[in-house]
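# Sequence plus predicted model, see below.
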Amino acid sequence: MKAQPSIAYLIEPRFPGGTSSAIASELKVAAQLGRTSVHAVSSQMFKGQQIAPQIRNILQELGLELIWDAPTISADLVFIHNPSFLKFETTLSTRIIAKHLIVVAHENFLRPAKARAFDVAKCLNLIDNASLALRKSIAPISPYNRETICDWFNTNQTGGKWSVLADDWFNICDFVMHPPTNTPADRRGRLSRPGMEKFPTLAEMDLCFPAHAQSNVILGADLFMTENLKRTHWDMIPFRGVEVDQFFEMIDFVVYFNCATLRESFGRILAEGIAAGKVVISDPQTASVFQGAVIGTTPGDVDSIIKKFVANPDQYRDQVKKGQDVLKIFSPEKFQLMLKSISDQKIGH
Amino acid sequence: MIIIEAGQRNAKSFEAKVMFAAQLVQRGYSPVIDDSTFPDKTGRFLKYEAAPLLANISDISTSGLIVLGAEDLCESTLSTIRSYSLPPETMINAMGRFADDQAYIAATSKLSFALGREVNVVDLNELQPRPILEKSISPLAAMPHHKTGARHGTPELFLFLPIDLLEEPETLPVLGAMDHLAGFQLNIITGGKGKELVRKTKFSDLPIFGLAELPPTALATLADIAVFFGDGVPGERMANFSLDLLKHSGVLVDCTASGAFVSCGAPAIRGPQNLASLANYLEHTVIPNRHEIGRQTQTDKWLMTNSIERLEEALHLPAPPTEPSPKKRTNPKTVFLPTNGNGLGHAQRCSLIASEMPRPPDCTFAAFPSCIPLINSKGFACTPLVQKSEYHTEEYANDLVNYLRLQRTVQTGDRLVFDGGYVFDSIYRTIMEKSLSATWVRRGLWQPGQVRASSLEREKAFDTVIVPNEAFDELNAAYTFGRKVHQVGPIVQQSAQGENDRLKLRQKLTFQLGHEFDELVITMLGGGVATDRSAQLQTLCALLERRPKCLHLIIVWPGSKVSNGLYGWKNTRVIKSKNALALCQASDLLVSAVGYNSFHEILYHGLASILIPQTAPFMDDQEKRARAASDRGLASTVLDNEFMLLEREITNFLDNGKAGEIRKALANTDLPKAGTRDAAALIHGGVEK
């Protein structure tokens, strides 16, 4: 019988959003595949912040210990999630020894218009200098994320020799699926962290959330609340002001656009919206990750799309069901297959 | 309009915005600063510098945005620029000194998220690898401009000294000696505390500029040589000043302990670190070679690297819309600025001079509303200025508005003529910043406490000081000396009135006022603003009420405080007139305050008068002036508390022949030639820059 591979995770466990959620879902799968250890780096980026609750809970559930700033990590497979946590570091003091070192990108290496998203070269070089591995790979998490990584490598150089994995290291979407409503209404909403990067221009927000909608719920509206923006037809709620389940109960349509200079690498919140039984609308590039489960459009066309679904509840239900079917391609089982194929790859022979 | 913003919202960042915006103005661009970003605590000088640049962004058409200090962006700044919702065609730039690549990327991302589009971010570390000051928010770029230094052929030396050096016992004596050397004109630059320190010593007449007193650009236009003592480059203002000086071929002498200017690569020359050695070093080493040093500076690579042209290129700014060096105006305007008090006396004097100028149509005025009817009646246009008010939150609030109005009223190449005692910031700054040819008409007879170095230190802004003399020698005293100070004869209105004219005017008064009279008494005791004259006026009204066939006219100025009680007397009328002199000439007795104009009109027109001096501490010494006349038997002096004497003198003048005696004495008195025409000639001549 073939021995189980040893798997070591090197993470910054204090990422507040999607990165930690993705790692938590993934750890469950990885722990079934091999002997898994989880190592943490205390970075400048999250100095003084708490471990994300998703990480704390999954470690407890799996009975795994979180090892901080280990001098050396040695495993068959070492996964480093979201290297951007190294962007403020001058050194990575943990030595890494692995057969295959995989850096899971999570973030796009370039923003739209090819602007650099963070100092990728510095982060990759820190990892490269600290590691001894037969193979070093970058794992994109979506087709768009892959595009930015390849574009970055086309125009930048790093010290090490990195390859890009053929398969996407997608976010596992193992959400509970809720049925769609039979009577959709023009109840719109969006959920995001409150940063400026998460919002389109005010003119576009007005197109997405007009006065004639039955309701417009903006969860994470701290930015507008601070600016005392006057939109009496918006229900502005600060980030974490209500539970996510509660938020989804208030709406029938998720309308999610962000700043033109930022594009989501995966769009986990859109997947959550689909699972919650909602019709989800976003920009075409972000929507493309979900292969028809998310409707790609522009803010100017949001109104007509919603109008059509409200007038045709059957179409609404069909769209949600289609979306929930698509989410199966991001299931734990599919992820396990992908991980196993990587684990089975013969390296160095 | 280009909005100038900074990463942080503190006073230092705001000052950097103002400095950079002021440079862009000089280059011909139209920058503005969002008035909502004005910090809570701002010094007076910075308010003057900022005022012309502030704008409500929703009121303007925006063509660009430049963010300074982008290495340190706060949420307020990002939120503000996001709120502008700038259209796609708006040119957006940012600049900063970024610690590393990540800092640059982070700033670029933050700005792009706030604005919804990519931004051109300039890393000043790349553009200016060896800056004159390592940590500056303003980009510190040398700017070419119109040079006005060496006005008298002698190089203008600007010497920066920190307060600790000024406190050393040997410093001020050395500076005192340097101030009298012929090889250069000494100007000291120091902080506010240093300036106060020098004012309290016997060297208080040393010419000193405060660090923030003028924009660096304005200061640089005055300088030929700058010398710096102290530990290093003393802040962004002085760094900008040094760069501008170098750009117009000035000589920068680095006497700092660290050799801060030389070590960053600036084309400065290393000077002695001992102040006592400086004068010889300048006279024998620098000044003989200063033109060659300046010539070599112009080809210096470091200066080119740190020039505004390079920055403009990096920011993709279009070529400056106007020629940076203002062309000399062919028909310069002469702007007269009479201020202090309600300004009437000053306005009267200025209008007399303006009428004597070769081209009176080229003369215009800026004055308080109280003076405008008088000025208009003389045929001159006038920009209204704002007077102080108890309703203003700051004591200089009105002057800030006046500064903005003056900025719009005058242009480089114009002449400015100020008539007043205190040179307000608005006037001082306008002259310096616009390099105006300026004349100070400064009558004398200040009260002893008024003659202070602080009152006179701004004389340095003027090319010419005209002192209109008093009629009597003992009233004339010089407060400052030098080639720019000129004494002229009394500036006095002169109007001939024949006996026929006099009789016609009296008949006209009878007809218009419906009051038959044989004797006419005129009272002009001032506007009641400086001194309350209600008691004296009531006494005069009562005394003259008893006299049959007497008409008593109280002449008041616009804005005068008039007691209701004056309207109840049968012989008395309160009137306003633009031609008070004609009425005085038609009178039998004049009871008057003793301001410069009234006094000289009385003397030069042979009028019989009782003089009641005003005595406010901020006014001229009117009692001394009155006594000079009464001691010569040319008038009678009655102080404001001498009511019995006033009554006796009224009787003496009107019943006992004293009025006639005084008229006779005046007719036999030789008075100096009036100086109005000379004053006009001085203003018109020798003032081209």
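Looks like it came in fine.

# and residue 286, how many neighbours does it have?
Just going to use chain A. By the measure other Cβ atoms under 10 Å in any protein chain shown, the count of residues near A:T286 is 22. From N, CA and C alone the C-beta is placed, and that goes for glycine too.

# My question was about chain B, not that one.
By other Cβ under 10 Å, neighbour count at B:V286 equals 21.

# Next up, the contacts around it.
B:I225, B:V251, B:V253, B:I269, B:G271, B:I293 (Cβ atoms under 8 Å, 6 or more residues apart in numbering or on different chains).

# Most neighbours among those residues, which one?
Among the contacts of B:V286, B:V251 has the most neighbours (other Cβ under 10 Å), with 27 neighbours.

# Quickly list what that one is bridged to.
As for beta bridges, B:V251 partners with B:I225 under DSSP bridges.

# can you pull the contacts of it?
Counting by Cβ under 8 Å, 6+ apart, B:V251 touches B:D224, B:I225, B:A226, B:L245, B:I269, B:V286, B:R290, B:I293, B:G294, B:T297.

# Just put the residues you listed in a markdown table and tack on pLDDT.
Listed next are the contacts of B:V251 as a markdown table, based on pLDDT from 0 to 100:
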| residue | pLDDT |
| --- | --- |
| B:D224 | 94 |
| B:I225 | 96 |
| B:A226 | 97 |
| B:L245 | 95 |
| B:I269 | 95 |
| B:V286 | 95 |
| B:R290 | 92 |
| B:I293 | 94 |
| B:G294 | 91 |
| B:T297 | 93 |
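
# Just the closest of these to B:G64, please.
Using Cβ to Cβ, B:L245 is the member of the contacts of B:V251 that sits closest to B:G64, with 28.4 Å.

# Spell out the secondary structure type for the closest one.
Following DSSP: H, G, I helix; E, B strand; the rest coil, B:L245 is assigned to helix.

# That one is in contact with B:L222, isn't it?
No. Contact criterion Cβ atoms under 8 Å: B:L245 and B:L222 do not qualify, at 9.7 Å.

# what residues does chain A put near chain B?
With the criterion set to Cβ under 8 Å from any Cβ of the partner chain, chain A comes near chain B through A:87-88, A:111, A:113, A:115-119, A:121-122, A:195-197, A:200-203, A:223, A:226-227, A:259-262.

# Go through the residues you listed and flag which are in helices.
Among these, the members found in helices (DSSP state H) are A:A121, A:K122, A:L202, A:A203, A:L223, A:T226.

# Report the two of the contacts of B:V286 separated the most.
The widest separation within the contacts of B:V286 (Cβ to Cβ) is 12.0 Å, between B:G271 and B:I293.

# hang on, the earlier thing: between B:L245 and B:L222, point out the one with more neighbours.
Per other Cβ under 10 Å, whichever of B:L245 and B:L222 has more neighbours is B:L245, with 28 against 22.

# Please name the residues that touch that one.
B:F158, B:A220, B:A223, B:A226, B:V251, B:L252.

# circling back to that earlier point, can you turn the buried part of the ones in helices among the residues of chain A next to chain B into a ChimeraX selection?
Only the buried entries of these go into this ChimeraX selection, using 16 or more other Cβ atoms under 10 Å in any protein chain shown:
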select /A:121,122,202,223
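
# quick revisit: anything in contact with each of B:L245 and B:L222?
Common neighbours of B:L245 and B:L222 (Cβ under 8 Å, 6+ apart) are B:F158.

# With B:S307 as the reference, measure out to the closest residue to chain A within the stretch 201-350 of chain B.
At 16.4 Å from chain A, B:H316 is the closest residue in the stretch 201-350 of chain B, using Cβ to the nearest Cβ. Going from B:H316 to B:S307 by Cβ to Cβ, to the nearest Å gives 16 Å.

# Looking at the nearest residue to A:V294 once chain neighbours are set aside now. What's its pLDDT?
Sequence neighbours aside, A:A287 is the residue nearest to A:V294 in space, at 4.0 Å (criterion: Cβ to Cβ, 6 or more residues apart in numbering or on different chains). For A:A287, the model assigns a pLDDT of 94.

# can I assume A:A287 is in contact with A:T298?
No. The pair A:A287 / A:T298 is not scored as a contact, 11.3 Å apart, by Cβ under 8 Å.

# So for those two, which sits in the more crowded spot?
Applying other Cβ under 10 Å to A:A287 and A:T298 shows that A:A287 carries more neighbours, namely 20 against 13.

# mind listing what the more buried one touches?
A:L270, A:V294, A:I295, A:G296.

# before we move on, which element is it in?
Secondary structure from DSSP states H and E places A:A287 in helix A:284-288.

# Output that helix in PDB with nothing but the alpha carbons.
Provided in PDB are the C-alpha atoms of helix A:284-288 (Å, rounded to 0.1, in the frame of the first residue of the first chain):
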ATOM      1  CA  PRO A 284     -19.100  39.500 -17.600                       C
ATOM      2  CA  GLN A 285     -15.500  38.700 -16.500                       C
ATOM      3  CA  THR A 286     -16.400  37.900 -12.900                       C
ATOM      4  CA  ALA A 287     -19.500  36.000 -14.100                       C
ATOM      5  CA  SER A 288     -17.400  33.900 -16.500                       C
END
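
# now it: how far from the chain's centre is it?
The chain centre lies 14 Å from the centre of helix A:284-288; the measure is Cα atoms, centre = their mean, to the nearest Å.

# CA atoms only for stretch A:54-63, dumped as CSV, please.
C-alpha atoms of stretch A:54-63 as CSV (Å, rounded to 0.1, in the frame of the first residue of the first chain):
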residue,chain,number,x,y,z
GLN,A,54,-13.1,29.9,9.9
ILE,A,55,-9.5,28.8,10.5
ARG,A,56,-9.8,28.4,14.2
ASN,A,57,-13.0,26.3,13.8
ILE,A,58,-11.6,24.0,11.2
LEU,A,59,-8.4,23.3,13.1
GLN,A,60,-10.5,22.5,16.1
GLU,A,61,-12.8,20.2,14.1
LEU,A,62,-9.8,18.4,12.5
GLY,A,63,-7.8,18.3,15.7
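
# just how off-centre is it within its chain?
For stretch A:54-63, the distance to the chain centre is 19 Å (Cα atoms, centre = their mean).

# which other residues reach that stretch?
With Cβ under 8 Å, 6+ apart as the test, stretch A:54-63 has contacts from A:11, A:13, A:20-21, A:23-24, A:27-28, A:31, A:36, A:38, A:64-66.

# All set, thanks.
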